[in-house]
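Student: Task: produce atomic coordinates for the following.
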Amino acid sequence: MIIENSGLNGLTSDLAHLDESAASLGFVRWQWEYYRATYDLKIVDNTNEYFCRINTRAIEGKLESADAILKIEAVYLGRATFPHGMEYESPVPPKVLAAAEGKLAELKAALA
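Tutor: Residues are numbered from 1 along each chain as shown. Alright, predicted model coming up:
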């Protein structure tokens, strides 16, 4: 599912500040290349794992540089599937959605 009301879409930050702020809240920068990065937050509910994923794109510089400027493009919430997939269409338990929205609100405040 796409989280439309996170307030993060379109925000910008330098890489060092975004890395530090995201990491302090439990987000990990997993996938990255020169111009894109993805931050994931793992949320466990019973036997299922969910990931709140933040997609970013460098609008100034490259991710090799701590002062590169990244723009947040989209925020997703999905269930992890075996062995390495994500499923974004299934219903998300309210508890998981509330946890994700809480962390996203904290990240928005840290980036403001």
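
Student: those helices in the protein, which residues are they?
Tutor: 15-24, 94-111 (DSSP state H).

Student: Those into a markdown table, with extra columns for distance to Ile3 and mean neighbour count?
Tutor: In short, each C-beta sits where N, CA and C put it, glycine included. Formatted as a markdown table, the helices of the chain follow (distance: least, C-beta to C-beta, whole Å; neighbours: other C-beta atoms under 10 Å):
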| stretch | distance to Ile3 | mean neighbour count |
| --- | --- | --- |
| helix 15-24 | 15 | 17 |
| helix 94-111 | 7 | 16 |
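
Student: Tell me which of those lies nearest to Leu41.
Tutor: helix 94-111 (5.7 Å; C-beta to C-beta).

Student: all strands of this protein, in order?
Tutor: Listed in chain order, the strands of the chain (DSSP state E) span 12-14, 28-32, 36-45, 48-60, 69-81, 85-87.

Student: for the ones you listed, which one sits closest to Pro93?
Tutor: That would be strand 36-45 among these, by C-beta to C-beta, at 5.3 Å.

Student: contact partners of that closest one?
Tutor: Strand 36-45 has contacts (C-beta atoms under 8 Å, 6 or more residues apart in numbering) with 15, 18, 22, 25-32, 49-58, 63, 70, 93, 95-96, 99-100, 103.

Student: just stretch 13-32 next, same as before
Tutor: Outside stretch 13-32, the residues that reach it (C-beta under 8 Å, 6+ apart) are 37-42, 52, 54, 56, 58, 61, 63, 65-70, 72, 103, 106-107, 110-111.

Student: and it, what's its mean pLDDT?
Tutor: Regarding stretch 13-32, the rounded mean pLDDT is 94.

Student: That stretch: how far from the chain's middle?
Tutor: Here the centre of stretch 13-32 is set off from its chain's centre by 9 Å, with C-alpha atoms, centre = their mean, to the nearest Å.

Student: Contact partners for Leu11?
Tutor: Residues near Leu11 by C-beta under 8 Å, 6+ apart: 71-72, 108, 111.

Student: Taking those residues, tell me the two that lie furthest apart.
Tutor: Lys71 and Lys108 (14.1 Å).
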